[in-house]
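S.K.: Would you be able to build a 3D model of this:
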Amino acid sequence: MARLNLGTAAPEPYQGFKDADAAIRKGPLDDKVRELVKIRVSQINGCVFCVDMHSREARRIGETEDRLLQLPVWQESELFDERERAALGYAEAATLRDHIDDEQWEELRKAFPDESELGHLIAQVSLINALNLIGVPLQMKPPRR
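M.R.: Predicted structure coming up:
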């Protein structure tokens with residue numbers, strides 16, 4: 001059991017997170033890219049609740065087991081395309097608070113030339129980091145199955 005149910009304790013701010021998630025889902029960002037980014041950021045941040053939830057969601061939308069297994073080592077894997085690599089590279093750098101240099105930014109822009117899709121990617125990385133900052137300290141756990 002989590003230390004606190006944020007939806008009960010602070011329903012208005014919690015609803016804001018849910019509304020942001022819904023807005024991102026309605027946008028142009030590819031579903032698989034969206035879920036891969038959520039999983040990878042959650043792995044880095046150590047949020048077991050989010051890793052579990054988004055891995056299940058990724059499988060539901062057709063993501064393969066092989067890609068999910070190789071996600072922690074995506075840089076060495078041959079299973080991810082250039083768009084996914086650009087998104088994962090940005091997500092990792094932003095999560096680790098690394099400097100996004102001009103070269104990395106240009107690779108990201110090349111992979112995501114549509115500014116709306118790029119904006120949704122940036123919003124997604126920010127949102128999943130924020131949600132991890134809820135899940136980890138509140139010790140949220142997935143259900144035992």
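
S.K.: Let's see the pLDDT reported for residue 116.
M.R.: What the model reports for residue 116 is a pLDDT of 98.

S.K.: pretty sure it is touching residue 27, no?
M.R.: Yes - look at residue 116 against residue 27 with Cβ atoms under 8 Å: they come within range, at 6.6 Å. Every residue, glycine included, has its C-beta placed from N, CA and C.

S.K.: Return the helix or strand hosting residue 7 as PDB; C-alpha atoms alone will do.
M.R.: Residue 7 is part of helix 6-9 when elements are defined by DSSP states H and E. The C-alpha trace of helix 6-9 is given here as PDB (Å, rounded to 0.1, in the frame of the first residue of the first chain):
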ATOM      1  CA  LEU A   6      -2.700  11.500  -3.700                       C
ATOM      2  CA  GLY A   7      -6.000  11.400  -5.600                       C
ATOM      3  CA  THR A   8      -7.800  11.500  -2.200                       C
ATOM      4  CA  ALA A   9      -5.400  13.800  -0.400                       C
END
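
S.K.: Give the rounded mean pLDDT of it.
M.R.: 96.

S.K.: Buried ones in the next helix or strand after it, by neighbour count?
M.R.: Sequence-wise, the next helix or strand downstream of helix 6-9 (DSSP H and E) is helix 11-26. Buried residues in helix 11-26, counting neighbours by 16 or more other Cβ atoms under 10 Å, are found at 17, 20, 21, 24.
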